[in-house]
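> Make a model of this:
(2 chains)
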Number of protein chains: 2
Amino acid sequence: MDNTALFNLSCGLYIIGAKDGEKNVGCVVNTVTQSTAKPVTLTVCINKDNYTNGCIKKTKAFSVSILSENAKQTTIGVFGFSCSKDKDKFSGVPFKLTPNGLPYVNEGVTGFLQCKVIDFIDVYTHTIFIAEVEEAENLFKEHAMTYEYYHKVVKGKTPEKASSYVEEKKDANLPAKKYVCNVCGYEYPGSAEEFEKLPADFCCPICGVTKDDFSLK
Amino acid sequence: MDNTALFNLSCGLYIIGAKDGEKNVGCVVNTVTQSTAKPVTLTVCINKDNYTNGCIKKTKAFSVSILSENAKQTTIGVFGFSCSKDKDKFSGVPFKLTPNGLPYVNEGVTGFLQCKVIDFIDVYTHTIFIAEVEEAENLFKEHAMTYEYYHKVVKGKTPEKASSYVEEKKDANLPAKKYVCNVCGYEYPGSAEEFEKLPADFCCPICGVTKDDFSLK
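Residues are numbered from 1 along each chain as shown, chains lettered A, B, ... in the order given. From the prediction side, this is the model:
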């Protein structure tokens, strides 16, 4: 069995928004799929360890921000590589609220959906939420970001909690060590010497942390 | 609510293969999504009216052929716009069998998956099957076909039973009638006069029927 065959399943990239009491919570997923046309329903698959998962189970409501190719890497980084329990992820991005008060990202997106959970089913590490789409709006005429574009063009990384996470294999023959972000795993493409010469205000292009959060690996 | 916002949900195009006793059955879907990485599971959403749906509920097994950009329009047409009850859809395409005997398309694909259903849930018009991937192989180094590519480049049509089917609006101000395929709805892009001058062996590029199956609409 060659698990890389599944790399050819096409998907997009989305930020799920939800509420934890008054607080806004959210995470990145690549698992939003339309299920039916009348009424309009969809599924989204979210890791059980994701703080947002528990909030959606309680409130039965979530928003979907459909990321475009203009989405900032730092937005994806914050929503993919930090936890809503400790951090208000929406505080650092332009956001608005859906008609029923769910946060959605208002920059680098094609539009948003407001969804009401009608059922869910746990599958090993993840939960599949089935939801009716109550509101849907196009916001910007931008091209939706596919997961392939995120990997090939943006050179983005996949969080460990993702449905499609595959451990990266290290080549033992490669002698040169690289600086790697401790938070999101982003590997600086240049040499160690080049990394050390970067200005002090360099930030990880994926999750936004500073040079101090990189280690030579 | 603007339902076209959902057009920006990215997805691929797949042929689902299954067994009806000794007979091979199958259909086209755009709803295959990976759910978990360990073990590898996925979901696929199939219309309840689709003959293949009932066969999968009985056998709890299906294959996924991941279509590439080289997939023939006639392959998609046959699997999307005819019924496995009346027709052996696999008879007209190169196909092989997975280790446990499920048919998969062996041309115009990136690879195949062999899946075992572990659960399913009915959602209005469709069934969401949750399955473990038992086998997965890459076959050809081709680029996976996205649903967007199918619509924008291949100019493909969506079967009415699809999860994302949206009725096409006709512009009442357009006076010129067009020849439209009675089977799959493909509209010949040229004028009626141009269609009538086409050679007698012209076939619908989507579903493969002859000129006789076109009507002026």
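> what are the pairing partners of the longest strand seen in chain A, and which direction each?
In chain A, taking DSSP state E as the definition, the longest strand is strand A:109-123. Here strand A:109-123 is paired, per DSSP bridges, with strand A:61-67 (antiparallel), strand A:126-138 (antiparallel).
> Go through those strands and pick out the most buried.
strand A:61-67 (a mean of 28; mean count of other CB atoms under 10 Å in any protein chain shown). (Each C-beta comes from the backbone N, C-alpha and C, glycine too.)
> Identify the residues contacting it?
A:12-19, A:32, A:42, A:44, A:52, A:56, A:75-76, A:98, A:100, A:102-105, A:108-117, A:129, A:131, A:144-145, B:5, B:8-9 (CB atoms under 8 Å, 6 or more residues apart in numbering or on different chains).
> quick one: contacts for the spatially most central residue of chain A?
Centroid-nearest residue in chain A, with CA atoms, centre = their mean: A:V28, separated by 2.1 Å. By CB under 8 Å, 6+ apart, the contact set of A:V28 is A:L13, A:Y14, A:I15, A:I16, A:I76, A:F79, A:G80, A:P159.
> And the first one, how far from chain B?
To tie it back to what came earlier, the one meant is A:L13. 8 Å (CB to the nearest CB, to the nearest Å).
> Tell me who's in contact with that residue.
By CB under 8 Å, 6+ apart, the neighbours of A:L13 are A:V28, A:V29, A:N30, A:L67, A:A71, A:I76, A:M145, A:T146, A:Y147, A:Y150.
> Check the secondary structure at the first one for me.
Secondary structure assignment for A:V28 (DSSP: H, G, I helix; E, B strand; the rest coil): strand.
> quick revisit: show me the beta-bridge partners of the residue nearest to the centre of chain A.
Bridge pairing for A:V28 - DSSP bridges - gives A:I15.
> circling back to that earlier point, generate JSON lines for the contacts of A:V28, with distance to A:V93 and pLDDT as supplementary columns.
Compiled in JSON lines, the contacts of A:V28 are given as follows (distance: CB to CB, whole Å; pLDDT from 0 to 100):
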{"residue": "A:L13", "distance to A:V93": "14", "pLDDT": "95"}
{"residue": "A:Y14", "distance to A:V93": "14", "pLDDT": "97"}
{"residue": "A:I15", "distance to A:V93": "9", "pLDDT": "97"}
{"residue": "A:I16", "distance to A:V93": "14", "pLDDT": "98"}
{"residue": "A:I76", "distance to A:V93": "10", "pLDDT": "90"}
{"residue": "A:F79", "distance to A:V93": "8", "pLDDT": "91"}
{"residue": "A:G80", "distance to A:V93": "13", "pLDDT": "87"}
{"residue": "A:P159", "distance to A:V93": "17", "pLDDT": "79"}
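> how about stretch A:38-48: buried residues?
A:V40, A:T41, A:L42, A:T43, A:V44, A:C45, A:I46, A:N47 (16 or more other CB atoms under 10 Å in any protein chain shown).
> My error: substitute stretch A:3-21 in the last question.
Buried residues in stretch A:3-21 (16+ other CB under 10 Å): A:5-20.
> First residue to last residue on it, what's the distance there?
40 Å (CA to CA, to the nearest Å).
> now it: how far from the chain's centre is it?
7 Å (CA atoms, centre = their mean, to the nearest Å).
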